[in-house]
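[1] Prediction below, plus the sequence it came from.
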Amino acid sequence: MTNLIEDSLKETSDGFIHYSDGLTEVGLLTSAVIEPQKSINNEEYDVIIIGAGFAGLIAARELSLRGRKVLIIEAKDRIGGRTLTTQVENRNFEIGGTWIHWSQPHIWTEITRYGFSLTESKGAAATRMSVLLDNGTKLKEVPMADHWVAMGKAMEKYSDVDGFQGRTVMPLPHTPFTSNEAVKMYDQLSMQDRLNQVINSLDDNNEEIIQMLLSLLSMNMQGNIAQGGFIDHLRWWALGDYDMNRMFEKLGRYKIKEGTSALARAILNDCQKVTLLLSTSVKSIDRTSRNSVIIRTQTDELLIGRTAIVTVPLNALKKIEFMPSLELQKQEAITIGQCPGGIKFWVKLEEPVGNWFGFAPYPNPITMAYTDDEDGFFIVGFGPDGILDIQNIDAVEKELNKLLPNVKVKYVLGHDWRNDPFVLSTWSWYKPGQMSSSLMALQKSEPPVFFASGDISNGWRGFIDGALESGLTSVRHVQQYLTKCST
Ligand SMILES: Cc1cc2nc3c(=O)[nH]c(=O)nc-3n(C[C@H](O)[C@H](O)[C@H](O)COP(=O)(O)OP(=O)(O)OC[C@H]3O[C@@H](n4cnc5c(N)ncnc54)[C@H](O)[C@@H]3O)c2cc1C
């Protein structure tokens, strides 16, 4: 890849910081903003990739390293998609996708390849824990060790649909339909339906534990658990080795020290002969001719490729017109969309609070929050739906005070992914019934158009790892197709 200005931070229009003195900055500094390529040659590409998130970037690298001429078209002014590292006071903040784990095979390969390292969110293994009870009116500090173990037991009951901790339903989570009939059956349940089945057997009858369980379940799907598919819980549970501690360690403890944006840059830098167009949104994809794809941008520029890989997030796909229309089942799946997710924010406190973790069940505006650094100056928080306006520092401080009385917020930063027109969701969580009705249809290639996304992968769907898996799968399909066309 040429024309990159190395290691300089530039401002993306995504994200914001609000300071307690009223100062507001819209846009964040990041290494993910690349010097734009001013003009492109009017030539035919082997592959046009739509979207420069991890699915698109990995596909671009692998195809270009196999000698394919690749064009990436990205609507945003930066690469990385739903991941974005910004620096404030010389500290990395991950605004989108953050935590990874060595048991996530595709991301770990990249960590090894580029010699990156991990850093730990300290509060993920906190010693001090608070739970908000009685509809957000009563705060209780609880001993982490006891309650974490008890919550693990409650989670086991919740997940144990078959007497084997869900193993017979999801024995091979990277091949999610291994037990097809069982998957279909449990896919009909919402997370709330499953809770209703087991609520009376959560025997310790300990309200704190139940509320913690509810917080974690709602946090995982970032909304009302009546709207989240139970099968996605079982998938996370299986990927987490059917164990709550291990699951949580994989979901929320270890971050890329250099930052996700540095990893996105590293992948892009490795590309050969790839042209990248930023701030260019695709309006329509015409594959009428079958031997080529004509991409029309918002400014009516036409770009031609032998194939295209569409890596647009599931909830934003409906904005692109396909000619001829996509297969009916795929169209229906796009119309249904996935759960839109909720909010994520970071705050810096005036005074540190040490090592801390807080839970608050739905519909509290913050369902989970924890400290990130050793001293406890920095907290990451999550909430369901769009209940909390994270751009309002007073509102964030008020809600945080319910979990951590009297703390003062110095600044809050984040990005409104739910309302970002090119994303319209956070991480993938399907609605009840959606995995069995839609996943395979969404994955299906319609040559010369192929699909890849962290929202349609098999294993770690909803994660950076899943985006890489799906991007790599599309590379295999495109290569097979192009090779067949040339023989
Ligand atoms: C708040 C948040 C927290 C998360 N936490 C974690 C975590 O801790 N760990 C983890 O592994 N994962 C996490 N995830 C999920 C992870 O970030 C995503 O699953 C992954 O990054 C998706 O990659 P992708 O390439 O499939 O899609 P994206 O990264 O969304 O890339 C798709 C790209 O397509 C572009 N696009 C859309 N429409 C058009 C168009 N019309 N024309 C051109 N381009 C278009 C978009 O701008 C975007 O850049 C989180 C996500 C969010 C939002």
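    Thanks, I have it.
[2] how about the helices in the chain?
    54-65, 105-114, 144-159, 180-187, 191-198, 207-221, 230-239, 244-252, 260-269, 328-336, 393-403, 434-443, 464-485 (DSSP state H).
[3] Rebuild those as TSV, extending it with mean neighbour count.
    Where C-beta positions appear, they are placed from N, C-alpha and C, glycine not excepted. Converted to TSV, the helices of the chain look like this (neighbours: other CB atoms under 10 Å):
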stretch	mean neighbour count
helix 54-65	27
helix 105-114	17
helix 144-159	18
helix 180-187	17
helix 191-198	18
helix 207-221	22
helix 230-239	26
helix 244-252	20
helix 260-269	23
helix 328-336	16
helix 393-403	19
helix 434-443	20
helix 464-485	22
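[4] For those, please prepare CSV with the additional fields distance to Pro352.
    As requested, these are exported to CSV (distance: least, CB to CB, whole Å):
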stretch, distance to Pro352
helix 54-65, 33
helix 105-114, 30
helix 144-159, 18
helix 180-187, 43
helix 191-198, 35
helix 207-221, 23
helix 230-239, 32
helix 244-252, 20
helix 260-269, 25
helix 328-336, 45
helix 393-403, 14
helix 434-443, 42
helix 464-485, 29
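[5] In this protein, where is pLDDT below threshold?
    1-7, 36-41, 203-205 (pLDDT under 70).
[6] please redo it, this time with the cut-off set to 80
    1-8, 36-42, 203-205 (pLDDT under 80).
[7] domains for it, by residue range?
    Domain assignment for the chain by automatic domain parsing gives 10-117+257-326+446-485, 122-252+340-419.
[8] ok so, going back, need the helices of the chain in a markdown table (columns: distance to the ligand).
    Shown next, in a markdown table, are these (distance: least, CB to the nearest ligand atom, whole Å):
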| stretch | distance to the ligand |
| --- | --- |
| helix 54-65 | 3 |
| helix 105-114 | 7 |
| helix 144-159 | 19 |
| helix 180-187 | 20 |
| helix 191-198 | 19 |
| helix 207-221 | 11 |
| helix 230-239 | 11 |
| helix 244-252 | 7 |
| helix 260-269 | 8 |
| helix 328-336 | 13 |
| helix 393-403 | 15 |
| helix 434-443 | 12 |
| helix 464-485 | 3 |
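[9] Among these, which comes closest to Thr30?
    Judged by CB to CB, the one of the helices of the chain that comes nearest to Thr30 is helix 260-269, at 5.3 Å.
[10] And that closest one, what does it pack against?
    When contacts are defined as 3 or more CB pairs under 8 Å, 6 or more residues apart in numbering; DSSP states H and E, helix 260-269 packs onto helix 54-65, strand 85-88, helix 105-114.
[11] For the shortest one, name the packing helices and strands.
    Counting contacts by 3+ CB pairs under 8 Å, 6+ apart, strand 85-88 is packed against strand 24-30, strand 91-94, helix 260-269, strand 409-414.
[12] any idea how far the last one is from the chain center?
    Chain-centre distance of strand 409-414: 21 Å, with CA atoms, centre = their mean, to the nearest Å.
[13] how much does that strand deviate in direction from helix 393-403?
    Between strand 409-414 and helix 393-403, the angle comes out at 110 degrees (axes from the mean of the first three to the mean of the last three CA atoms, to 10 degrees).
[14] So in that sheet, which strands flank strand 409-414, and in what orientation?
    Note on strand 409-414: by DSSP bridges, its sheet partners are strand 10-19 (antiparallel), strand 343-349 (antiparallel).
[15] What of the shortest one?
    Strand pairing for strand 91-94, determined by DSSP bridges: strand 85-88 (antiparallel).
[16] can you list the residues of the stretch 301-450 of the chain near the ligand?
    Thr311, Val312, Pro313, Ala316, Ile320, Lys344, Trp417, Phe422, Val423, Thr426, Trp427 (CB under 6 Å from any ligand atom).
[17] re earlier: can I get the domains of the chain in CSV including distance to Leu439?
    Putting these into CSV (distance: least, CB to CB, whole Å) gives the following:
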stretch, distance to Leu439
domain 10-117+257-326+446-485, 7
domain 122-252+340-419, 7
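[18] Tell me which of those domains sits nearest to Gly433.
    For these, distance to Gly433 was read as CB to CB. The smallest value, 5.6 Å, belongs to domain 122-252+340-419.
[19] Could you give the separation of that closest one from the chain centroid?
    15 Å.
[20] what distance separates the start and the end of that domain?
    30 Å (CA to CA, to the nearest Å).
[21] cool, and stretch 42-51?
    20 Å.
[22] i'd like the first residue to be 522 from this point on
    Taking 522 as the first residue, the last one we looked at is stretch 563-572.
[23] Sort out which residues of it are buried, please.
    Judged by neighbour count using 16 or more other CB atoms under 10 Å, the buried positions of stretch 563-572 are Tyr566, Asp567, Val568, Ile569, Ile570, Ile571, Gly572.
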